[in-house]
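Trainee: need coordinates for the following:
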Amino acid sequence: MPKPTKGPRLGGGPAHEKLILSNLASQLFEHGRITTTEAKARRVRPLAEKLITKARRGDLAARRQVLQVVRDKGVVHTLFAEIGPQFADRPGGYTRITKIEPRKGDNAPMAIIELVQEPLSGQVTTRTAKETPAAAPVTEESAAETEDTTAEGDTAEADTAGGETAEAETPEAETAEAEAEKK
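Mentor: The predicted structure follows:
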């Protein structure tokens, strides 16, 4: 059984509150962003996120569940055809609430709720404890191997050059050859 919300409801009764939230959600999907009070924005955000998650699924059962909340078929089509695929790779966080200045008439705190348009900046990768330490020794060993091969290659070039210095590939090798020439 769903737990009722504490405090006064939006609009008075539960049916009116449900209508207000469904209308706010449909307007959000139609226009991409809406200006409303902070309380309404906070209340519509979870509803909108759940509807977008259902739109990401894209099957007929999800479409029918969304049609129970959002009555406009055009908005539901937009939600499933454009908004759902847009957020296919985003694991939640489809909306953003930004506070703006209070409303002039009654000084009510206002906010803008909008759909996030920016692509996901960093891919979320989870590393286990086993993967992290194993990667570090491999890079150290490979770095040591590359130093050994360059040092061997430098000595081989110096031997074939007959005392003349060959061009060094690394700065450490250049300093070592310069010290050898001074002696």
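
Trainee: ends of stretch 99-112, what's the gap?
Mentor: In stretch 99-112, first residue to last residue: 6 Å (Cα to Cα, to the nearest Å).

Trainee: repeat for stretch 68-76
Mentor: Across stretch 68-76, first to last residue, Cα to Cα, it's 10 Å.

Trainee: mind listing the strands for this structure?
Mentor: If DSSP state E is used as the criterion, the strands of the chain fall at 33-37, 95-100, 110-115.

Trainee: can you tell me which of the ones you listed is packed in deepest?
Mentor: Of all those, strand 110-115 has the most neighbours on average by mean count of other Cβ atoms under 10 Å, namely a mean of 18. (C-beta placed from N, C-alpha, C; glycine too.)

Trainee: pLDDT (mean, whole number) over that strand?
Mentor: On average, the pLDDT along strand 110-115 is 98.

Trainee: quick one, it and strand 33-37 angle?
Mentor: Computed by axes from the mean of the first three to the mean of the last three Cα atoms, to 10 degrees, the angle separating strand 110-115 from strand 33-37 equals 150 degrees.

Trainee: so where's the chain shaky on pLDDT?
Mentor: Applying pLDDT under 70 to the chain flags residues 122-174, 176-179, 182-183.

Trainee: which residues of it fall in helices?
Mentor: Taking DSSP state H to define them, one finds helices in the chain at 14-31, 38-57, 60-69, 73-78, 84-86, 131-161, 171-182.

Trainee: now for the shortest one, which elements pack on it?
Mentor: By that I understand helix 84-86. helix 38-57 (3 or more Cβ pairs under 8 Å, 6 or more residues apart in numbering; DSSP states H and E).
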